[in-house]
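Asks: whatever this is, show me its structure:
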Amino acid sequence: MFVSFFPRPKLFFLSAIVWTTLAMAFWYGFAGNLIGSSTPGGVGVEIFWSAPSLWFDLYFALASQSSPAPGWCSRRMPGRRGPSSVPR
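Replies: Residues are numbered from 1 along each chain as shown. Purely as a prediction, here's the structure:
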């Protein structure tokens, strides 16, 4: 059953770890300093609407959606017509 969700689990998890490491290195090395300090100064709901917090949210969404892991690790299962086909 595990193979039906992850056809090549070693490649999938290895690429996920590498992608996470690269995304974190890019954030802490470059992207985190583009919009001021990443530590908010206030307390309350304004923390979530500050420019650094919104920049991190945008970066996190883009980095998590552009992960190459699913594309590298998928393979067509025998007897299926496409990725959304259900087994018979």
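
Asks: when you work out contacts or count neighbours from here on, use the C-alpha atoms and nothing else.
Replies: OK.

Asks: may I have the strand or helix carrying Phe26 exported as CSV, CA atoms only?
Replies: Following DSSP states H and E, the helix or strand that holds Phe26 is helix 9-29. Included here for helix 9-29 are C-alpha records, laid out as CSV according to Å, rounded to 0.1, in the frame of the first residue of the first chain:
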residue,chain,number,x,y,z
PRO,A,9,10.0,6.5,-1.8
LYS,A,10,13.8,6.9,-1.5
LEU,A,11,13.9,9.4,-4.3
PHE,A,12,10.8,11.2,-3.1
PHE,A,13,11.9,11.7,0.5
LEU,A,14,15.5,12.5,-0.5
SER,A,15,14.3,15.2,-3.0
ALA,A,16,11.9,16.6,-0.3
ILE,A,17,14.8,16.9,2.2
VAL,A,18,17.1,18.5,-0.4
TRP,A,19,14.3,20.9,-1.5
THR,A,20,13.5,21.9,2.1
THR,A,21,17.2,22.5,2.8
LEU,A,22,17.6,24.7,-0.3
ALA,A,23,14.4,26.7,0.5
MET,A,24,15.6,27.3,4.1
ALA,A,25,19.1,28.3,3.0
PHE,A,26,17.7,30.7,0.5
TRP,A,27,15.3,32.2,3.0
TYR,A,28,17.9,32.7,5.8
GLY,A,29,20.7,33.7,3.4
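
Asks: any idea of the mean pLDDT in that helix?
Replies: Helix 9-29 shows a mean pLDDT of 88 in the predicted model.

Asks: what is it packed up against?
Replies: Contacts of helix 9-29 with other secondary structure elements, assessed using 3 or more Cα pairs under 8 Å, 6 or more residues apart in numbering; DSSP states H and E, are made with helix 69-73.

Asks: quick one on the thing from earlier: and the helix holding Phe26, what's buried?
Replies: Residues of helix 9-29 classed as buried: Leu11, Phe12, Ser15, Ala16, Trp19, Ala23, Met24, Trp27 (neighbour count, 16 or more other Cα atoms under 10 Å).

Asks: the second one contacts Phe5, correct?
Replies: No: Phe12 is not in contact with Phe5 according to Cα atoms under 8 Å; the separation is 10.6 Å.

Asks: so where's this protein uncertain?
Replies: For the chain, applying pLDDT under 70 flags the ranges 1-4, 36-42, 68-88.
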